[in-house]
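Student: generate coordinates for the sequence data below:
(2 chains)
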Amino acid sequence: MDAELKPALIEYCIALGDDSVILGHRLSEWCRNGPFLEEDLALTNVSLDFIGRARMLYSHAAELEGAGRSEDDIAYLRDCREYRNLLIHELPNGDFAFTMARQFMIDVYDMAFFTELMQSQEPTLAAIAAKAVKESRYHLRRSEDWIKRLGDGTEVSHERVQAAFNQLWGYVNEMFSVSEQEQLLIDAGVAVDRSALQQNWHTAVQAVMLEATLETPDEDWTISGGREGIHTEHLGYLLAEMQFLQRAYPGQKW
Amino acid sequence: MDSLQASFDEKIANEQRIEPKDWMPDAFRKTVLRQMSQHAHSEVIGMQPEGNWITRAPTLHRKVILLAKIQDEGGHGLYLYSAAETLGTSREEMVQALHDGKAKYASIFNYPALTWADIGMIGWLVDGAAIVNQVSLQRTSYGPYSRAMIRICKEESFHQRQGYEATMVLARGSAEQKAMAQDALDRWWWPALMMFGPHDTDSAHTGQSMKWKLKRESNDVLRQRFVDQTVPQAEFIGLKIPDPELRWNEDRGSYDFGPIDWDEFMRVIAGDGPCNRQRLAHHVRAQQDGQWVRDAMHAYETKRQAREVA
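Tutor: Down below sits the predicted model:
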């Protein structure tokens, strides 16, 4: 690969790692709070997959960079403006319907994204993608089932999950908008052209929503900025909590 | 004596396991259920103090270990609830008894996890004490409980090792980290000793449970075993057990240790420990918050089945 692309590739791995670590963190907040024990364990499983994915991506970024940073330096020693995750990942969990609607939207996206990334010219990214696809296939099976159960369950669950989709819809566009730097990597066959995934995403999501008796949100408002480090106000609190020990006791081994 | 009782007694005498379909005295059934449901509740309530540090775990590696460990505990809870259901009481009934204050869980989980060092300490001391008890219970006379213990012990010993390892890292770290570890040991040591329950002379259930071979070794025997294995581990990493009377007794080949504050134990058992109210309220709240989710799941299932029939 072109050496000039290396900084962009490092950024790319970190951004994907940020998506994973932030969602993994949010899901881990469900541990001991789930609606029943089996689901508590399942949510923890999914959380573990995302954190594991982040570790692989960060480690790869650190290795490419060769500057002595570790996965933990990347996760714990960057502030809000340096985080690059898509905004949808950082939103507070809300109720179970919100968490599951978000999860479903992300799972559909991840399945398509990582399936494409398996074709990356960068072998490590392709290998990470292959593992991610296996996990996301399972995640999607779960979240899709939950959307159907909640949408076509009771009146209360229907209203809650519909409200969740309505609130989340403004975060969809960002998932498919490509930055200039990313375009260079796409041209080199390293990165995935996310804009090309949008149509299939909508088709897949809407098919499940239809079966779940849910309506596609009628929402014009959209927001983006995560990949440029312009986040929601929620991320700062998440990082303050997550990074507490590393910040309070700098440079220690744990 | 009737033949059912005689056959039960013979099985116990011959070290055979009592299985769910076997006849058993009501008092036996009640005792096993009390013990197993208490054990299941302990696993589940125990998720709370550790869960308190998931979002603040200091590294991704530690976060993953902690999450996986708490997931194991929840899994043990599930497994134990299922094993206890073989006695004819549902999980819902057991949870209701917990919420009504009729069923207990291990008193240790009513102490707060204040610093990261507490997470290591819970693994090292709490899981360490639990294993001593559970290894002994692998030979308990109720079959499903015995098998659950055999399975659970494997994972618990991993938990204990990772807790000790996490504590070791702190004990060998900066002065602040070492102080954090020592402070955690100071706070968790005595509650860990209390986990084994009252002295044999004061234990309400020990006598009958030993006769039924539900309990294989007494509280004091198990507690002593725990002290004897843990003191050298503390010395090895340079932490001090907070007991001025602790010393090696050459004649007994064991450590002598100071008096346990049974008033504190009774207070915590009675529901007035530092976190009893918080732990129970949390469990009740999660249960209530999840009600609409469970309702939706059942409603969907009913609709789905109706569609299949149609």
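Student: burial count for the residue of the stretch 101-250 of chain A at minimum distance from chain B?
Tutor: As assessed by Cβ to the nearest Cβ, chain B sits closest to residue A:153 within the stretch 101-250 of chain A, at 2.9 Å. In short, each C-beta sits where N, CA and C put it, glycine included. By the measure other Cβ atoms under 10 Å in any protein chain shown, the count of residues near residue A:153 is 28.
Student: residue contacts, it?
Tutor: B:295-297, B:299-300 (Cβ atoms under 8 Å, 6 or more residues apart in numbering or on different chains).
Student: swap the cut-off to 7 Å and go again
Tutor: B:296-297, B:299-300 (Cβ atoms under 7 Å, 6 or more residues apart in numbering or on different chains).
Student: how far away is it from residue A:100?
Tutor: 12 Å (Cβ to Cβ, to the nearest Å).
Student: what does residue B:36 give?
Tutor: Distance from residue B:36 to residue A:100, by Cβ to Cβ: 33 Å.
Student: which residue is the nearest non-sequential neighbour of residue B:213?
Tutor: In space, and not counting its chain neighbours, residue B:213 is closest to residue B:141: 4.1 Å by Cβ to Cβ, 6 or more residues apart in numbering or on different chains.
Student: tally of neighbours for that neighbour?
Tutor: 22.
Student: that one touches residue B:18, doesn't it?
Tutor: Yes. Using Cβ atoms under 7 Å, residue B:141 makes contact with residue B:18 at a distance of 5.6 Å.
Student: would you mark the buried spots in the lowest-mean-pLDDT helix or strand in chain B?
Tutor: Using mean pLDDT, DSSP states H and E, helix B:206-211 stands out as the lowest-scoring helix or strand of chain B, at a mean of 89. Using 16 or more other Cβ atoms under 10 Å in any protein chain shown as the test for burial, helix B:206-211 gives B:206, B:209.
Student: need the next SSE after it, C-terminal direction.
Tutor: Toward the C-terminal end, the helix or strand that comes next after helix B:206-211 (DSSP states H and E) is helix B:219-236.
Student: C-alpha coordinates for that following helix, CSV please?
Tutor: Output in CSV follows, covering the C-alpha atoms of helix B:219-236 (Å, rounded to 0.1, in the frame of the first residue of the first chain):
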residue,chain,number,x,y,z
ASN,B,219,-18.5,-23.5,58.9
ASP,B,220,-15.5,-23.3,61.1
VAL,B,221,-13.6,-26.0,59.3
LEU,B,222,-14.2,-24.2,55.9
ARG,B,223,-13.4,-20.8,57.4
GLN,B,224,-10.1,-22.1,58.7
ARG,B,225,-9.2,-23.6,55.4
PHE,B,226,-9.8,-20.3,53.7
VAL,B,227,-7.7,-18.4,56.2
ASP,B,228,-4.8,-20.9,55.9
GLN,B,229,-4.7,-20.7,52.1
THR,B,230,-5.2,-16.9,51.9
VAL,B,231,-2.7,-15.6,54.5
PRO,B,232,0.4,-16.8,52.6
GLN,B,233,-1.1,-15.3,49.4
ALA,B,234,-1.4,-11.9,51.1
GLU,B,235,2.2,-12.2,52.4
PHE,B,236,3.5,-13.1,49.0
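Student: name the residues of that helix that are buried.
Tutor: Applying 16+ other Cβ under 10 Å to helix B:219-236 flags B:219-220, B:222-228, B:230-231, B:233-234 as buried.
Student: where do the helices of chain B begin and end?
Tutor: B:3-13, B:26-45, B:47-51, B:60-85, B:91-99, B:116-121, B:128-137, B:143-171, B:175-194, B:206-211, B:219-236, B:262-267, B:276-289, B:291-309 (DSSP state H).
Student: out of these, flag the one nearest residue A:134.
Tutor: The closest of the helices of chain B to residue A:134 is helix B:60-85. By Cβ to Cβ, the value is 17.9 Å.
Student: since that was my last question, I'll sign off now.
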